[in-house]
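Asks: Here is a sequence together with a model predicted from it:
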Protein chains: 2
Amino acid sequence: MDNRPIGVFDSGLGGLTCVREIMKTMPGEDVIYFGDTGRVPYGTRSRETLLKYVRQDIRFLETFDIKMIIIACGTASSAALPQINGEFGSEIIGVVEPAAKAAVKATKNKRIGVLGTNGTVKSGKYPEYIKSLCPDAEVFQCACPMFVPLVENGYAQNPVTRIFAQEYLEEIKKQKVDTLILGCTHYPLLKKTIGEIMGDEVTLIDSGAAAADYAFELLKENNRLSEKKNGDYSYFVSDSAEVFAELGGMFLSRPIDGRVAKTDIEKY
Amino acid sequence: MDNRPIGVFDSGLGGLTCVREIMKTMPGEDVIYFGDTGRVPYGTRSRETLLKYVRQDIRFLETFDIKMIIIACGTASSAALPQINGEFGSEIIGVVEPAAKAAVKATKNKRIGVLGTNGTVKSGKYPEYIKSLCPDAEVFQCACPMFVPLVENGYAQNPVTRIFAQEYLEEIKKQKVDTLILGCTHYPLLKKTIGEIMGDEVTLIDSGAAAADYAFELLKENNRLSEKKNGDYSYFVSDSAEVFAELGGMFLSRPIDGRVAKTDIEKY
C-alpha cells in the first residue's frame, strides 16, 4: 500500500480529462495537479522550450512526496518525456505508451489514426511506439492546431468546430483506420464531433484516460494503490486560480472541489 | 538627433505590424524587437500574470541603450501599461492612446467600435480613453478570442475565418459605427475580411501603425529622429529563432532581415 498522492501535470486544463479517469478508476487516490496555465499552449512551442517547461513542471511536483507522475499532456509526453525520463527520481509515465497499447489492442485492421498537436505529430513518437508493438500496423497522423483554441474558447459544441474537424479528419478517414487516438488531452471534449465524422465503427482512444488506466494497472500490480476510500485533490496553476476553478469543471465533468493555488513555476 | 534604437515588444509576432509601419514612416530608425513567443498569447492571461510578463519584457529591452519603448501589443498596452508606466526609466508608449486619438479624429458620427482580446476588452481602457478625448462618443467593444489562433495557424485568408468575424462583428455593425479600432496587432492580417463585412464606409484603425505614427510625431517634435538613412533591425524571441524568422515575414510584409536570437526572458 502507498497512500502518497499521484502527481499529474499538463500545459493547462486538458489534463483534467486524465484526472477525471483517475477519480473513476482509483477513487481512493490523492492527486496533486499542476496546470501550466500561464504558459499554455505547449503544442506550438519548440522542443527546446518544451523541455525547459516540462523539467520545471516535474521539479515542482517533486517538491511534494508523490508516488508517481503522470504527464497528462500529449505534446509533453511525446516531444519531451523520451529525452528527460531518467533525469528525475520519480516514476514518470506519459500518455503515448498507454494510448498506443490501447490502440494496438483495439485495432482489427491494423490501421490506426493519431490526432495531436504540431509538437506531438512532429515528434513521431506515436508511429514509432505503435510499430514497436505491432510492426505491420499502419499509422496515419494529423496535426490539429485549432482544436485546443476552439475547446479553450468554448467552441467545443459549436457547429464551426465541425468544419475544422472535417478538414483534419478527411485524409485519416480515407485511410480507413478502425482506431483513432485522441493524442491531446483536450480532444475528449470533441469526442462527439470526431465520433460522428469517423462513424460508429471507429474506436476512439482517449489518451488521458488510457494513461490513468495504465497507472492503475501499474499500482495494482505492485500493491501500491492507496488504502483510502476517497482521494483528496489539490490543484496548482501558473496563472489565475479563479479562472481555473471556474473552467476546470468542463474538463473534469464535475465542479473542481479541492484547493486551487497559484505557483511561480519559473522558480523551479 | 538621437540615433539610439527604438525598443518594440509584443507577445509574439503581431507587433511586427507596428515595426512594418516604423520601417515605412521612419526608415532611418534602428529597432530592437522582442517577441515573447515562448509565452504567447497574452490575451487570455490574468492581469497579474500579464503585469509580470510585461515588466520582464521591459527590463529586457532596457538592457539596451534605447530611446523609447513601444508596447506593440493591445493586451499589454491596455491591461498593463497604465499600472506600470512610471516604474521604469524609459519613455514607454502603448497602442491605446494613439489608436484612440486616430479613431476620434476619423469618426464623424462619434460611434466607434473596438475589437480586441479578452484582456483588452475587460480592461475598459479604450472606452475610457476615447471618452476622455470626446465625451459624447459612444464606444462598442467586442472580444475576438479566436482571431489570434486563426492568424497564427494560417487561417487569415481561409473562408472559415469569415464565420468567426461575422459572429464578432454582428453587434458592432448593428450599432452603425463609422470607425473601428483593430485593437490587437494581429488583426491587420484580417483587415480584408473585416473590411468586407463592415463595408467601405467604415474606417479601420490599425493600432500598431497608429502607435508607430505617434512615435514618429513625438520624436520629430523633439528633434530626436535618427540621422541614419537606413535603420538596422535586431529581433529577440523567447522561443525558436528559426520559427520566428520563418513566420515573421507574414506580419512584416517582407522577409525578416536582421539578427534573430533567443533570450531567456524568465531571467529578467
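Replies: That came through fine. Being a predicted model, the structure only gives us computed values, none of them experimental.

Asks: how close does residue A:215 sit to residue B:182?
Replies: Distance of residue A:215 to residue B:182, given as Cβ to Cβ, to the nearest Å: 47 Å. Backbone N, C-alpha and C define where each C-beta goes, glycine included.

Asks: who's more crowded, the two?
Replies: residue B:182 (29 against 26; other Cβ atoms under 10 Å in any protein chain shown).

Asks: thought that one was touching residue B:192?
Replies: No - checked against Cβ atoms under 8 Å, the pair residue B:182 and residue B:192 is beyond contact range at 11.9 Å.

Asks: So which bits of stretch A:237-244 are buried?
Replies: Going by neighbour count (16 or more other Cβ atoms under 10 Å in any protein chain shown), the buried part of stretch A:237-244 is A:237-241, A:243-244.

Asks: Now do that stretch: distance to the chain's middle.
Replies: Here the centre of stretch A:237-244 is set off from its chain's centre by 19 Å, with Cα atoms, centre = their mean, to the nearest Å.

Asks: how about it, does it get close to chain B?
Replies: Yes - for stretch A:237-244 and chain B, the contact criterion (Cβ under 8 Å from any Cβ of the partner chain) is met by A:238-240, A:243.

Asks: just curious, which of these is nearest to chain B?
Replies: residue A:240 (3.7 Å; Cβ to the nearest Cβ).

Asks: excluding its backbone neighbours, what's nearest that closest one?
Replies: For residue A:240, ignoring the flanking residues on the chain, the nearest one in space by Cβ to Cβ, 6 or more residues apart in numbering or on different chains is residue B:46 at 3.7 Å.

Asks: Count the neighbours of residue A:201 for me.
Replies: The number of residues packed near residue A:201 is 8, by other Cβ under 10 Å.

Asks: just checking, it is part of a strand?
Replies: No - the assignment for residue A:201 by DSSP: H, G, I helix; E, B strand; the rest coil gives coil, which leaves it out of any strand.

Asks: ok, it to residue B:37 distance?
Replies: 42 Å.

Asks: Likewise for residue A:4?
Replies: According to Cβ to Cβ, residue A:4 stands 37 Å off from residue B:37.

Asks: If you count surrounding residues, which of these two has more?
Replies: When neighbours are counted by other Cβ under 10 Å, residue A:4 and residue B:37 differ, and residue B:37 comes out ahead with 26 against 15.

Asks: so the more buried one sits right up against residue B:245, yeah?
Replies: No - counting by Cβ under 8 Å, residue B:37 stays clear of residue B:245, with 11.3 Å between them.

Asks: ranges for the strands of the stretch 101-250 of chain A?
Replies: Using DSSP state E, counting those that start in this stretch, the strands of the stretch 101-250 of chain A run over A:111-116, A:138-143, A:179-182, A:203-206, A:233-237.

Asks: now these in TSV, with mean pLDDT and distance to residue B:159?
Replies: Shown next, in TSV, are those (pLDDT from 0 to 100; distance: least, Cβ to Cβ, whole Å):
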stretch	mean pLDDT	distance to residue B:159
strand A:111-116	98	23
strand A:138-143	98	20
strand A:179-182	98	26
strand A:203-206	98	28
strand A:233-237	98	36
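
Asks: Could you dump those strands into CSV and include distance to residue B:113?
Replies: As requested, the strands of the stretch 101-250 of chain A are exported to CSV (distance: least, Cβ to Cβ, whole Å):
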stretch, distance to residue B:113
strand A:111-116, 37
strand A:138-143, 35
strand A:179-182, 39
strand A:203-206, 42
strand A:233-237, 34
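
Asks: To residue B:153, which of the ones you listed lies closest?
Replies: strand A:138-143 (9.8 Å; Cβ to Cβ).

Asks: Indicate the residue of the stretch 51-200 of chain A located nearest to chain B.
Replies: For the stretch 51-200 of chain A, Cβ to the nearest Cβ, closest residue to chain B: residue A:149, 3.7 Å.
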